[in-house]
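> Please find the sequence and the predicted model below.
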Amino acid sequence: QQLARELASGERTLDAQTLCTLPTAALKTELKSLKGIGDYAAHTLLMLLGHYGELPVDSEYRSFVHRHYFPSTPADALPDDKHIATLYDDWGAWKYLAYWFDHYD
């Protein structure tokens, strides 16, 4: 509802040319300004928009990391989300794609 009201009133525009040229951080800020969009949703939407530098850490990501990076560690002893989010940092702006290919290899 919030987005529909803002678009109808002219308070917000969804100009594709403008959105496509925004740097990732600015686009993430824009996405998170929408009610109900947090980090997980913003990171997923960024990926769908061609920005691959953020990982949406959720239960599936945690499960994958547990199986592939910490198989002998009890689930309750895994590193925290902040740490496991850094596992693909070497891939920089492509980390989501690296995770995706790793996950579905």
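Nice, thanks for sending it over.
> How is the protein divided into domains?
1-51, 52-105 (automatic domain parsing).
> Reformat those domains as JSON lines; add mean pLDDT and mean neighbour count.
Placement of C-beta: from N, CA and C, glycine included. Formatted as JSON lines, the domains of the chain follow (pLDDT from 0 to 100; neighbours: other Cβ atoms under 10 Å):
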{"stretch": "domain 1-51", "mean pLDDT": "88", "mean neighbour count": "13"}
{"stretch": "domain 52-105", "mean pLDDT": "93", "mean neighbour count": "14"}
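> Grab the most central residue of this protein for me.
Centroid-nearest residue in the chain, with Cα atoms, centre = their mean: H43, separated by 1.7 Å.
> Against L7, how distant is that residue?
Computed as Cβ to Cβ, to the nearest Å, the H43 to L7 distance reads 23 Å.
> try G38
G38 is 21 Å from L7, by Cβ to Cβ.
> how far does stretch 87-101 sit from the chain's center?
Taking Cα atoms, centre = their mean, to the nearest Å, one finds the center of stretch 87-101 at 11 Å from the center of the full chain.
> Quick one: residues in contact with that stretch.
Residues from elsewhere that reach stretch 87-101 (Cβ atoms under 8 Å, 6 or more residues apart in numbering): 24, 43, 46-47, 51-55, 61, 64-65, 69, 102.
> Farthest-apart pair in those residues, please.
With Cβ to Cβ as the measure, no two of the contacts of stretch 87-101 lie farther apart than T24 and Y69, at 25.0 Å.
> For Y52, which non-adjacent residue is closest in space?
Distance criterion Cβ to Cβ, 6 or more residues apart in numbering; nearest residue to Y52, sequence neighbours excluded, is Y96 at 4.0 Å.
> List phi and psi for that neighbour.
Dihedral pair for Y96: phi -60, psi -40, per degrees, to the nearest 10.
> With V57 instead?
Torsion angles, degrees, to the nearest 10, at V57: phi -80, psi 120.
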